[in-house]
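K.L.:
For reference, the sequence and a predicted model appear below.
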Amino acid sequence: MPRPRPLIRTFLEPIAIAFVLALLVRCAVQIYSVPSRSMAPTVEAGDTILVTPYFFSSHPQRGDVIVFESPLDRNELMVKRVVAVAGDLVDSRLGHVRIGGYTLSEPYLARAASSGAIEAQIVPARSYFVLGDNRDESLDSRSWGVVPHSLVVGRARLVLWSSTPPIGETAHATERSWSRAALRARGIRLFKWIE
């Protein structure tokens, strides 16, 4: 006849398992609030985004939106798009980014042909050339160079919610309706994948 489990173990075991699982999720997922419009329209000021780290041998790829420590101030986090990876020859022509002499297709830009002048350069090993999607309002690799892999926090995956109403609307007006369709019609994004 099996021995009955002690009452304390019956209660503590599920709590301990939940605690360990919560720690694992906390290590794998981070949440940040975006303060600027440098990545608009992909990520807007006031968006809260979900970020996952690059595990093991995975690295940022061209097109990924990443969060990283600023090369100018390690206490500041930034979010930008990777446009060139290690070994890429990156430059610009007539406001368009080029990789190896070929124009990069960038359908996510706020304004086409807005990249300005980028001197021809080869991205060093374990580094990334990053730009904001809103090139007119972005401080990025055009100003301070490439981002070393050691500064990368992770990949921005999802806009969880937006806490800033569209221009011209007050926060009170935003609170009037919580339906997903109404929020989307106002331009407030909920659970939008970042591409």
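P.N.:
Okay, I see it.

K.L.:
hmm, who's touching stretch 154-167?
P.N.:
Stretch 154-167 has contacts (CB atoms under 8 Å, 6 or more residues apart in numbering) with 30-31, 33, 43-54, 60, 64-67, 79, 171, 173-174, 186-194. In this view, the C-beta of every residue, glycine as well, is placed from N, C-alpha and C.

K.L.:
should've said stretch 50-64
P.N.:
Residues contacting stretch 50-64 (CB under 8 Å, 6+ apart): 28-32, 66-67, 81-85, 88, 99, 128, 149, 152-158, 160.

K.L.:
And the helices in this structure?
P.N.:
In the chain, the helices defined using DSSP state H lie at 7-28, 141-144, 171-175, 180-185.

K.L.:
Just the buried residues from the contacts of stretch 154-167, in PyMOL please.
P.N.:
Listed next is the PyMOL selection for buried residues among those, using 16 or more other CB atoms under 10 Å:
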select buried, resi 43+44+45+46+47+48+49+50+51+54+60+64+65+66+67+79+174+186+188+189+192+194
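
K.L.:
Strands - which of the contacts of stretch 154-167 land there?
P.N.:
30-31, 33, 47-52, 65-67, 79, 192-193 (DSSP state E).

K.L.:
between the residues you listed, which is closest to Ser105?
P.N.:
Closest approach between the ones in strands among the contacts of stretch 154-167 and Ser105, by CB to CB: Val65, at 16.0 Å.

K.L.:
So that closest one sits against Met39, correct?
P.N.:
Yes. Assessed by CB atoms under 8 Å, Val65 is found in contact with Met39 at 6.9 Å.

K.L.:
right, and Ser127 touches Ala84 too?
P.N.:
No. If you go by CB under 8 Å, Ser127 and Ala84 don't touch, sitting 9.2 Å apart.

K.L.:
neighbour-wise, which of these two wins?
P.N.:
Higher neighbour count among Ser127 and Ala84: Ala84, with 26 against 22, using other CB atoms under 10 Å.

K.L.:
can you tell me how far that one sits from Ser163?
P.N.:
32 Å (CB to CB, to the nearest Å).

K.L.:
center of the chain - which residue?
P.N.:
Ala156 (3.0 Å; CA atoms, centre = their mean).
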